[in-house]
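>>> below are the sequence and a predicted model; questions follow.
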Amino acid sequence: MKFGRSIGLFALASLAAAAVVGPRIATADDTVTLSLTLKDHKFDPAEVHAPAGVPIEFHVKNQNGIVSEFESSDLHFEKIVPNGSEAVVHVRPQQPGRYNFYDDFHHETQGFLVVP
Amino acid sequence: MLAALLIVFREVFEAGLIVGIVMAVTAGVPGRGLWVFGGVAAGVLGACVVALFTGGLSELFGGNGQEIFNASILGFAVLMLTWHNVWMARHGREMAAELRAAGEAVVEGSKSLAALGVVVAIAVLREGSEVVLFLYGVAAAQGGASIAMVFGGLIGLVLGSLVCLATYLGLVTIPTRYLFGVTSALIALLAAGMAAQAIAFLEQANILTALDETVWDTSWLLSDSSYLGRALHTLIGYVDQPTAMQLIVYAATLAVIVVLMKLFASPTAHRPHVAAAE
């Protein structure tokens, strides 16, 4: 009985939390799309540019012949990219700077995002 | 060999912190070994399954399958941790007092153990699937598993397990009187950190874009990709550049857990009478 009541309360609490922090659908017309290809354990291009203050969308094609993990600690994302597939990663708007991204499974594979 | 060692160590280290806490939280509860090891075994099996189906998983939900999967299992772990803490607030003190004698308390206690077993399984699954994919990738590139890779992986596994052991041994030196309070706080912070991490995945998938501005940047002080940063990220959800939404969800999760613990606290628990000798 107590178990049931506590589960009920959880559901209520989660609903309340969801209502408070409810998701908003992105309009994102100003999003910049950056396309990259992973081949022979290199990013092509190895350096990409995006304006400051706009959302960024990375499209990464993996043609390494092996699974990769597209990751950046500077930009706070990580995503497994199976061989032969294309992954999309969304990055929040950035301040000017030079940001590093890499293949976490093959650290020799490095690239940069430059925000002027 | 070094790459295999580092990546295995890093992932085992992160899962090991959580397993170590769960071991300390359940110290002295009969049958906990079965649940913890069951959780690890289920996590390893789950990691292999997830690694095997990564291609299919990635393509789900318009390419956001990984993010939604990660956010969902993290959310589930948050529920399990919350439930455990609330349950302990209600029964923890009775248990500490009468556990060894009362068969009923053991049966009741196993519900809470099951919740923590699930948390262990989720932690191992998340970190383990990366290890499986990485090692598979290396093996495939070399045309087979090399001795160096297996050796590196094993050293990583042993070193990572030592972190788990150190976490456990460190926590159980805390006197029993304080252990309940300390572990409840650790579990609540762990849950809040996981909730914030789930938000990060939803932000990465562009499912959640509200309040996504960075509130502060402490990467100059402690980067969350350093080992200390990673440990704090796993333990209390440290992020060097949190978004407003992550902070709100972090605080809300903590608040919900504290309020529920107070609401369900055992009526006799206002003055703990747990034997000091315990």
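All right, it came through fine.
>>> now do the buried residues in the helix or strand that contains B:Leu169.
Taking DSSP states H and E as the criterion, B:Leu169 maps to helix B:147-172. Buried residues in helix B:147-172, counted by 16 or more other CB atoms under 10 Å in any protein chain shown: B:149, B:152-153, B:155-157, B:159-161, B:163-164, B:167-168, B:171-172. From N, CA and C alone the C-beta is placed, and that goes for glycine too.
>>> restrict those to those near chain A?
Contacts with chain A are made by none of the buried residues of helix B:147-172, judged by CB under 8 Å from any CB of the partner chain.
>>> next, count neighbours for B:Gly44.
Small correction: residue B:44 is Val, not Gly. Neighbour count of B:Val44, defined by other CB atoms under 10 Å in any protein chain shown: 17.
>>> tell me the contacts of the residue nearest to B:Val132 when sequence neighbours are not counted?
Counting by CB to CB, 6 or more residues apart in numbering or on different chains, B:Ala51 is the residue found nearest to B:Val132 once chain neighbours are left out, at 3.8 Å. With contact set as CB atoms under 8 Å, 6 or more residues apart in numbering or on different chains, B:Ala51 has these partners: B:129, B:132-133, B:136.
>>> considering the residues you listed, which possesses the most neighbours?
Neighbour tally across these (other CB under 10 Å): the maximum, 27 neighbours, falls on B:Ser129.
>>> returning to that earlier point: now, which of the buried residues of helix B:147-172 sits nearest chain A?
For the buried residues of helix B:147-172, the residue nearest chain A by CB to the nearest CB is B:Met149; the value is 12.8 Å.
>>> how much space between the closest residue to the closest one other than its chain neighbours and A:Pro96?
Leaving out its chain neighbours, the residue that sits closest to B:Met149 by CB to CB, 6+ apart is B:Ala4, at 4.8 Å. Going from B:Ala4 to A:Pro96 by CB to CB, to the nearest Å gives 37 Å.
>>> hmm, back to that, what's the closest of the contacts of B:Ala51 to B:Val19?
Nearest to B:Val19 among these, counting by CB to CB, is B:Ser129 at 16.2 Å.
>>> distance of the residue nearest to B:Met149 from B:Ala145?
10 Å.
>>> neighbours of the nearest residue to B:Ala42 once chain neighbours are set aside, how many?
In space, B:Ala42 comes closest to B:Ala121 once its chain neighbours are excluded; the distance is 4.2 Å by CB to CB, 6+ apart. B:Ala121 has 26 neighbours, counted by other CB under 10 Å.
>>> ok so B:Ala121 is a helix residue?
Yes. B:Ala121: assigned to a helix according to DSSP: H, G, I helix; E, B strand; the rest coil.
>>> host element of B:Trp216?
Following DSSP H and E, one finds B:Trp216 outside all helices and strands.
>>> just give me the residue right at the centre of chain A.
Centroid check for chain A by CA atoms, centre = their mean gives A:Val89 as the closest residue, at 3.4 Å.
>>> that one: what secondary structure?
Three-state assignment for A:Val89 (three-state DSSP): strand.
>>> and the gap between it and chain B?
According to CB to the nearest CB, to the nearest Å, A:Val89 and chain B sit 6 Å apart.
>>> okay, now the unreliable bits of the stretch 151-278 of chain B?
Under the criterion pLDDT under 70, the flagged ranges of the stretch 151-278 of chain B are B:267-278.
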